[in-house]
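J.: Using only what follows, build the 3D model:
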Amino acid sequence: MSHLIRIADSEVSFPCESDQSILDAALKAGVQIPYSCKKGVCGNCAAHIEQGKFQRIRIWPDAQLTGQELLCQCRPQTDLVIKPTQWHQSIPTETKKLQVKVYRNVAAAPDVSLLHLRLPAGQRIKFRAGQYLNIVLPGEQRRSYSMANPPHESDAIQLHVRHVEGGVFSEMARHLNPGDVLDVELPFGHVQLSQDDQSHLLCVCGGTGFAPVKSLLDELAKQKSQRQITLLWGAKDAAGLYLLDHIARWRKSLPRFKFQAVVETESDALTLGAFHGRVDGALLALGSESTDLEVYCCGSPNMVSAVKKVGLNALGLQADKFHSDVFVTSQTAGAHHLS
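T.: Residues are numbered from 1 along each chain as shown. Below you'll find the predicted structure:
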């Protein structure tokens, strides 16, 4: 049975089947609502449901505190009126299924592979910085990774793959050679930063959460952005910061760019001149520098949650300017699998 979903304070509405999530129906209709995982983990698609009855597929822990529901986890039982924090209308992005070839496989760190993939001749892909792809494995298993290359480099794909013990794809990634073929489908995800907002952009990432941040900052460098940008990149030790030479390029191409390495190992922090601790602690240490920020945070659920708590509660950042992209393991529901 189909129900009508209307967006509050607008003339926009779209149909949604009773066995379909509100988020899926919105995206199908070209109503773009921010999301990352579509599995009830990231919290990006939270919205107030102002009228109507619905069924929760999964309970969101923050629902009682915020009065919001996750649209990816709600199915309509009647017509509804919803009020997302952010939304806009656009032409829905077409998802493509392709076979790509490994061009290069580089061990960037003891536990990280940089995979360079080439598309079939004449093929290009359209995607936004921060979006991800699915690698389709035997048995229709899927593992998801953010594109690390910027959208203007649309004839190839770069992935940052962390090796996870027992991980189906990460174990495979260690042994991929040039010419090996992978099945992929893309693009997915909708973490969209404002094109018009010129406030201070703060990117906070942990480990291979650096991949979508790289895509975003490479795109801003291409645009010769004059925006003030700060990057906090956290890792357990120095080896986890595996592309510091790329940081040097941004320092040259982005005139208002600032980088702060964050390392949990004290000796490595001293060697690098890094902040000793975790990225949420580094964010808190920014203090007065952290006002009027647009934040893009990418990493594990615990990391993102800790950063969000500091940002919204301790520093008073605006919730609608906090964008997050959650990377989870295959044992946890979510889109960005690390294995």
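
J.: list the buried ones in the lengthiest helix in the chain?
T.: Ranked by residue count, the top helix of the chain under DSSP state H comes out as helix 210-222. Going by neighbour count (16 or more other CB atoms under 10 Å), the buried part of helix 210-222 is F210, A211, P212, V213, K214, S215, L216, L217, D218, E219, L220, A221. Heads up, the C-betas are built off the backbone N, CA and C, glycines and all.

J.: Likewise for stretch 247-266?
T.: Buried-residue list, stretch 247-266, by 16+ other CB under 10 Å: I247, W250, L254, F257, F259, Q260, A261, V262, V263, E264, T265.

J.: now do stretch 15-23
T.: C16, S21, I22, L23.

J.: got CSV for the residues you listed, with distance to R6, pLDDT and secondary structure too?
T.: Below are these laid out as CSV (distance: CB to CB, whole Å; pLDDT from 0 to 100; DSSP: H, G, I helix; E, B strand; the rest coil):
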residue, distance to R6, pLDDT, secondary structure
C16, 11, 97, strand
S21, 17, 96, coil
I22, 11, 96, helix
L23, 15, 93, helix
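
J.: Tell me how far Y103 lies from L114.
T.: Distance, Y103 to L114, by CB to CB, to the nearest Å: 11 Å.

J.: To clarify, my last question referred to L70.
T.: With distances taken as CB to CB, L70 is found 33 Å from L114.

J.: Who has more neighbours out of the two?
T.: Neighbour totals were compared for L70 and L114, and L70 leads with 28 against 20 (other CB atoms under 10 Å).

J.: Number of residues surrounding the closest residue to the more buried one other than its chain neighbours?
T.: Leaving aside its sequence neighbours, L70 sits nearest to W60 (CB to CB, 6 or more residues apart in numbering; 4.8 Å). For W60, the number of neighbouring residues by other CB under 10 Å comes to 20.

J.: Let's verify W60: helix, strand, or coil?
T.: Following DSSP: H, G, I helix; E, B strand; the rest coil, we place W60 in the coil state.

J.: Give me the below-cutoff pLDDT ranges for the stretch 1-150 of the chain.
T.: In the predicted model, the stretch 1-150 of the chain carries pLDDT under 70 at residues 62-65, 90-94.

J.: would you list every one of the helices in it?
T.: Along the stretch 1-150 of the chain, counting by DSSP state H, counting those that start in this stretch, helices occupy 22-28, 63-66.

J.: and what of the stretch 201-339 of the chain?
T.: Ranges of helices in the stretch 201-339 of the chain, per DSSP H, counting those that start in this stretch, are 210-222, 244-253, 266-272, 279-286, 301-309.

J.: What does the pLDDT read for A335?
T.: If you check A335, the pLDDT there is 44.

J.: got the phi/psi numbers for I157?
T.: Phi and psi for I157, reported as degrees, to the nearest 10, are phi -140, psi 140.

J.: beta partners for it?
T.: For I157, the beta-bridge partners are L117 (DSSP bridges).

J.: ok, how many other residues are close to it?
T.: Quick note: I157 (other CB under 10 Å) scores 24 neighbours.

J.: domains of this structure?
T.: 2-89, 96-188, 200-329 (automatic domain parsing).

J.: ok now the longest strand along the chain, how far from the chain's centre?
T.: The strand that spans the most residues within the chain, counting by DSSP state E, is strand 96-109. Averaging C-alpha positions (CA atoms, centre = their mean, to the nearest Å) puts strand 96-109 20 Å from its chain's average.

J.: contacting residues around that strand?
T.: Contact with strand 96-109 is made by 113-120, 123, 125, 136, 156-157, 160, 173, 176-186, 239-240, 242-243, as judged by CB atoms under 8 Å, 6 or more residues apart in numbering.

J.: in its sheet, what does that strand sit against?
T.: By DSSP bridges, strand 96-109 pairs with strand 112-118 (antiparallel), strand 181-188 (antiparallel).

J.: rewinding a little: can you add mean pLDDT and distance to P34 and give the helices of the stretch 201-339 of the chain back as CSV?
T.: Converted to CSV, the helices of the stretch 201-339 of the chain look like this (pLDDT from 0 to 100; distance: least, CB to CB, whole Å):
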stretch, mean pLDDT, distance to P34
helix 210-222, 95, 14
helix 244-253, 94, 25
helix 266-272, 95, 33
helix 279-286, 92, 21
helix 301-309, 87, 14
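
J.: could I get those helices as a markdown table with distance to M147?
T.: Converted to a markdown table, the helices of the stretch 201-339 of the chain look like this (distance: least, CB to CB, whole Å):
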| stretch | distance to M147 |
| --- | --- |
| helix 210-222 | 6 |
| helix 244-253 | 15 |
| helix 266-272 | 27 |
| helix 279-286 | 22 |
| helix 301-309 | 19 |
